[in-house]
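A.B. asks: Give the three-dimensional model of this entry:
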Amino acid sequence: MAKKDPKRGRRVAPKPAKTRHHVSPHPRPKESGGGSESEVRRLDREILKLASRRAALTVKLIEGQSSPQRMLFSPIADEQLTELIEKGNSGPLAEVAVRGIFRELISGARSVVKVLRIAYLGPAYSFTHLAALERFGMSASFIPVNSIAAVFEEVNRGHADYGIAPIENSTDGRVVDTLEMFTRLPLKICGEVQLAIHHNLMSRCQRSEITEIYSKPQALSQCREWLSRNMPQSRLIEVTSTSTAAQLARDKFGAAAVASRQAATQYELQIVAENIEDNKSNVTRFALIGDEATRPSGDDKTAVLLQIPHKPGSLAEALISFKKNNVNLTWIESFPLKAPEVGYVFFLEFEGHAGDARTKRMLAELEKKAVRLELLGSYPRGKPAE
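C.D. replies: Modelled structure (predicted):
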């Protein structure tokens with residue numbers, strides 16, 4: 001019954017009682033898009049367990065080998081994994097993202113047994129460094145050096161387990177410094193990395209204020225048309241690497257560099273223009289340098305050094321061996337011999353593995369016609385990576 005207000009003589013309705021709501025000490029996870037936070041956490045735990053199991057099994061396999069070094073650097077196993085990812089990845093992650101996850105997982109596991117030392121043309125975040133990261137992952141120990149010759153020397157002296165150096169570009173062709181080093185030191189090609197090369201113009205100043213552009217000769221050459229059209233007022237200056245160029249652009253007002261996007265981040269530069277390479281399918285092939293042979297993968301290439309008598313018809317006669325044995329010769333370069341010798345040494349690359357019966361026959365015939373025949377290595381064919 002309503003109570004009477006003594007001041008106004010009106011009856012006032014009683015206030016309704018407050019309804020108590022039970023609050024759970026464990027709030028329900030938010031549902032979104034058909035999933036839940038608890039499901040995400042469950043999957044994270046499952047992924048972590050599987051990653052740990054995969055890493056432990058990798059360590060066990062390596063340590064169980066009579067020659068663990070073969071498992072620490074295993075191009076065939078790595079190519080098989082790449083093929084598995086290509087065929088089995090159904091999304092939504094891009095292939096490059098999935099490949100990165102597996103690369104770091106395996107790199108980390110291998111480093112438990114031994115941290116590989118990799119020599120590369122530096123400084124950090126040069127394209128050679130990016131190729132090394134693509135092949136060996138973040139858990140390797142990277143040794144930056146200031147020349148391609150120094151990469152070979154580090155491996156030859158045992159200071160590095162492997163080296164990596166550019167050998168060919170789809171725009172500019174051969175990298176002479178790398179090919180010449182194979183004539184000077186007894187090292188082999190153990191593998192290759194193909195990397196899509198995207199050049200960026202970067203600086204600390206506005207585009208209109210740029211008076212000098214630094215980069216390595218190959219990078220400037222690969223962007224020559226764009227630079228001619230868009231930066232005619234700027235002087236082009238060659239340096240040893242794209243990362244060195246980025247360092248100069250950071251330290252000098254009015255300077256810019258042609259380098260990778262990662263170099264812009266590393267050296268705190270603003271990208272003034274991106275993807276300025278003239279050939280949008282610009283790819284550089286990097287040679288992995290070591291002192292060991294690799295087993296056949298079924299899709300291999302082989303490289304040799306060939307010296308033949310310096311007389312008319314010698315090269316034509318030597319090349320008949322390729323046609324006779326149905327071996328596809330894909331690349332040939334010549335280098336003059338050092339004085340007092342007269343003549344040339346040839347770098348040859350062809351399809352097939354040195355262990356294949358057909359390739360063995362061809363090499364045996366070639367050796368009979370040669371003054372010198374040196375096998376530089378057989379290695380799985382690489383696939384371009386972004």
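A.B. asks: Quick one: the helices in the protein, in order.
C.D. replies: 37-63, 68-72, 75-88, 95-113, 127-136, 148-156, 176-182, 217-222, 224-230, 242-251, 261-266, 314-324, 357-368 (DSSP state H).
A.B. asks: for residue 290, what are its contacts?
C.D. replies: 73, 155, 161-163, 187-188, 190 (Cβ atoms under 8 Å, 6 or more residues apart in numbering). Glycine gets a C-beta too; all of them are placed from N, C-alpha and C.
A.B. asks: With distance to residue 335 added, can I get the helices of the chain in JSON lines?
C.D. replies: Shown next, in JSON lines, are those (distance: least, Cβ to Cβ, whole Å):
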{"stretch": "helix 37-63", "distance to residue 335": "39"}
{"stretch": "helix 68-72", "distance to residue 335": "31"}
{"stretch": "helix 75-88", "distance to residue 335": "27"}
{"stretch": "helix 95-113", "distance to residue 335": "35"}
{"stretch": "helix 127-136", "distance to residue 335": "22"}
{"stretch": "helix 148-156", "distance to residue 335": "15"}
{"stretch": "helix 176-182", "distance to residue 335": "6"}
{"stretch": "helix 217-222", "distance to residue 335": "19"}
{"stretch": "helix 224-230", "distance to residue 335": "26"}
{"stretch": "helix 242-251", "distance to residue 335": "26"}
{"stretch": "helix 261-266", "distance to residue 335": "32"}
{"stretch": "helix 314-324", "distance to residue 335": "13"}
{"stretch": "helix 357-368", "distance to residue 335": "18"}
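A.B. asks: Those helices: which one's closest to residue 345?
C.D. replies: helix 176-182 (9.6 Å; Cβ to Cβ).
A.B. asks: How much space separates the residue lying closest to residue 354 once chain neighbours are set aside from residue 300?
C.D. replies: Using Cβ to Cβ, 6 or more residues apart in numbering and skipping the chain neighbours, the partner closest in space to residue 354 is residue 378 (4.5 Å). If you measure residue 378 against residue 300 using Cβ to Cβ, to the nearest Å, the figure is 5 Å.
A.B. asks: tell me, what's touching these two both at once?
C.D. replies: Joint contacts of residue 378 and residue 300 (Cβ under 8 Å, 6+ apart) are 352-353.
A.B. asks: Any idea how many residues pack against residue 117?
C.D. replies: Residues near residue 117, counting by other Cβ atoms under 10 Å, number 18.
A.B. asks: Then residue 48?
C.D. replies: Residue 48 has 10 neighbouring residues, counting by other Cβ under 10 Å.
A.B. asks: What of residue 137?
C.D. replies: Residue 137 has 20 nearby residues by other Cβ under 10 Å.
A.B. asks: sorry, back to before: comparing the helices of the chain by mean pLDDT, which bottoms out?
C.D. replies: With a mean of 76, helix 68-72 has the lowest mean pLDDT of those.
A.B. asks: Now do the buried residues in it.
C.D. replies: By neighbour count on 16 or more other Cβ atoms under 10 Å, the buried set for helix 68-72 is 70-72.
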